[in-house]
Structures are given as C-alpha cells and as structure tokens.
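*Asks:* The following comprises the amino acid sequence and a computationally predicted model.
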Amino acid sequence: MTTLRDLREGAGLTQSELAARAGVSRQLVGAAEAGRNLPRVDAALSIANVLGAEVADIFGPSTQPVSIVSGIQPREDALVRAGRVGDLVVTAPARLGPDGFDIADGVIVKGLVQSFGQHGEGLVVAGCEPGLQVLEGLLRADGMGAVAAIASSVVAKEALAAGRVHAAVVHGPRLGRPKAVERLGLSSWRVGLAAPPEASIGWVQEALSGTTSVIQREEGAGVQRTFEKAVGASNVPGPRVTSHLAAAYRSLMTGLPAVTIEPAALAVGSQFYAIEVHQAQMWVAPEWVADPVVSQAINLLATSRFQHRLAAVGGYDLSRCGARIA
C-alpha cells in the first residue's frame, strides 16, 4: 500500500501544506503518517482528493463503511451521518428534520462515503435515549464530529461489543455492574404508556388489557419488556416502532396508546401513565475512556448546556448525569 508520506512528498508538499489544502490539522497529518491515527472519513477523503489518490490506496480497505446498528454495509446512494471508531468507518441514517434531511455527512457512492463537507473527530454512540440527539447537536455545534444512532439497549450493547461505537446508552430498572465498561450516569425516567390529550377515560385499562392495539417497541427493548410484564402477555396487537419519540409521535397521529418514556410523551404534549422507573447509563468501552476526543465529548454530559435542555422537556431525573459510577 502506498504510504501517505510517499504521496505527500511525491506531491512536493509539507505536512502543513497538505493539512491546509485538505482543511485538517497538521497534527492529524503527522499522526496519520506515523500510524498513530486513522482520520475520519471526511478528513480521509479530503486528504486523498488533494493528493489525487483513492482513500483505500492510502488508508486501506477499512474505510468501507458499515451500519452502526446492523453491522452491514449501507445501501448505495443512502444519505448518512458518518463517524470512525478506531479504523472502522461507521454510519447511521441521515437525520430527518421538519424540512428535510437536516444532518447528513455524506452519501454512499460505490460503497464509500462521499463527504458533503468537513467536521472534526467525534463521539459515536448508540442508544434510545432522546437526549443523545441533543448531545450530537451540541458537539457538532462545537465543530466536533458526533453520531448518535437510534438503537434499543440490546442492540446498543451488541454494537459496543462489536467495536462499532465508542459508547452505548442502556436503560432498565436494574442495570447490574458490568466490569468491561466505564459507566456514567445519564438520567432516570418513568416508562409507561402515552396517549393523545383527547383520549377517552379508561384508555389505560384498555391498553393494559392485552386485547387493544398498542404502539410498541421491538422485541427485547427495555420498555417493551416492561409493558409485556405489566400486561402479562407478549402477543399484544399493534404496530412496532424503533424509538421512544417515534412511539409518542405515532400515538398522536393514530390515536392509539404507545409504549414509551415520560420525557417523549411530554415532548409531544401527550398524556402519560407510568408503569416503572428506569435508569439510563452511558457505557464506554475501556479502550476509549482516555481518548481525548471521547473524553471531551462525554464531559459535556455534566454541563448545564446539556442538562438544561433535557430539564426543559420534563420527566428527567438528572441528579447523576455525567457522574462516574463505581
């Protein structure tokens, strides 16, 4: 494989000149040449473009992206948010805002991410806590890269074990004490049922009867297990959605009750009936705990910038947000 240094010197460029033309730091170029760091996908593309080379020729085939949630390659022409965990390029679907795709880092072209612009190194995290979208937005506003993939606690833990994320957000009534991760407090909230403001009296009893259609989460999700335990059945009719907010929004649109968390219900103005209290924690893989970029990102959890935004929604207990858990 042709080395980055060979190509740079062949082009007659110093590290500083290459960095300036590619829009990255000289330190990043130096670290990449020394093999201490593989740049993010957008930085790798910019460096390759300046040198007139293919990314794979410089940084190897590991730049071919995989989905954070599924571990498979994203489809051709998909709009994605992109990040890097070690030498692995990972993606999540572009986030859809009210006026279209408001966060997209690039598009999949010939199996690679074709970048739309520059952003810095950043945190890659998976989980179903809606506040992760707030965290991603704040980090990106600070010029860092950040990708928060929507996933159940089970899927988030699988992605963490597979090395597709730096951290996973998990929740449940009891989370145990896993030894292989660094645990940080995030929040606690109530799990239960949401319904539109105009729902008739008795909607809770109907939803818990097990015979009425209820909007639910995928099998294995923490809120789904709580609902099935309350109903005493696992075959309740109704559509399935992939996030707490999606459940709350769909409830408003259809009039059906939904399995979700209190902050999501409050965010859309729904009624809420509580069943159980869950803790939410961020689990960080040990190899990333001391990484400067990851540390800077997770330190934001303890700041008022982050916590005030969640507190304004309501339904959050943030008393241990950002604190290390022994």
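*Replies:* Done, it's in.

*Asks:* Please look at residue 269 and residue 197 and confirm they touch.
*Replies:* Yes - Residue 269 is in contact with residue 197 according to CB atoms under 8 Å; the separation is 6.5 Å. All C-beta spots, glycine's among them, are computed from the backbone N, C-alpha and C.

*Asks:* Any buried residues in the helix or strand bottoming out on mean pLDDT in the chain, and which?
*Replies:* Sorted by mean pLDDT, DSSP states H and E, the helices and strands of the chain end with helix 55-59, the least confident at a mean of 75. Within helix 55-59, the residues scored as buried using 16 or more other CB atoms under 10 Å are 55, 56, 58, 59.

*Asks:* for this structure, what spans make up the helices?
*Replies:* Per DSSP state H, the chain carries helices over the ranges 4-10, 15-22, 26-33, 41-51, 55-59, 131-141, 153-161, 203-207, 222-231, 244-254, 262-268, 292-299, 304-313.

*Asks:* Low-confidence regions, this structure specifically.
*Replies:* 1-2, 35-38, 40-41, 60-63, 98, 118-120 (pLDDT under 70).

*Asks:* tell me the domain boundaries of it?
*Replies:* When the chain is parsed with automatic domain parsing, its domains come out as 4-59, 119-326.

*Asks:* what's the closest of these to residue 106?
*Replies:* Checking the domains of the chain against residue 106 by CB to CB gives domain 4-59 as the closest, at 7.1 Å.

*Asks:* Next, the distance between the ends of that closest one.
*Replies:* The first and last residues of domain 4-59 sit 8 Å apart, counting by CA to CA, to the nearest Å.

*Asks:* how far is that domain from where the chain is centred?
*Replies:* 28 Å (CA atoms, centre = their mean, to the nearest Å).

*Asks:* try stretch 260-271
*Replies:* Using CA atoms, centre = their mean, the offset of stretch 260-271 from its chain centre is 20 Å.

*Asks:* and that stretch, which residues are buried?
*Replies:* Buried-residue list, stretch 260-271, by 16+ other CB under 10 Å: 260, 261, 262, 263, 264, 265, 266, 267, 268, 270, 271.

*Asks:* and which of those residues is nearest to residue 316?
*Replies:* The closest of the buried residues of stretch 260-271, once distances to residue 316 are taken by CB to CB, is residue 263, at 5.7 Å.

*Asks:* Now do the contacts for the residue nearest to that closest one when sequence neighbours are not counted.
*Replies:* Closest residue to residue 263 apart from its sequence neighbours, by CB to CB, 6 or more residues apart in numbering: residue 315 at 3.9 Å. Neighbouring residues of residue 315 by CB atoms under 8 Å, 6 or more residues apart in numbering: 189, 190, 261, 262, 263, 265, 266, 272.

*Asks:* For the residue nearest to the spatial centre of the chain, list each beta-bridge partner.
*Replies:* When CA atoms, centre = their mean is applied to the chain, the residue found nearest the centroid is residue 148 (1.8 Å). With DSSP bridges applied, residue 148 shows beta-bridge pairing to residue 125.

*Asks:* shouldn't it be in contact with residue 125?
*Replies:* Yes - between residue 148 and residue 125 a contact is recorded at 5.4 Å, counting by CB under 8 Å.

*Asks:* Report the set of residues contacting both of the two.
*Replies:* 132, 135.

*Asks:* Using CSV, please lay out the buried residues of stretch 260-271 together with distance to residue 25.
*Replies:* Listed next are these as CSV, based on distance: CB to CB, whole Å:
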residue, distance to residue 25
260, 42
261, 40
262, 43
263, 38
264, 39
265, 44
266, 42
267, 38
268, 42
270, 46
271, 51
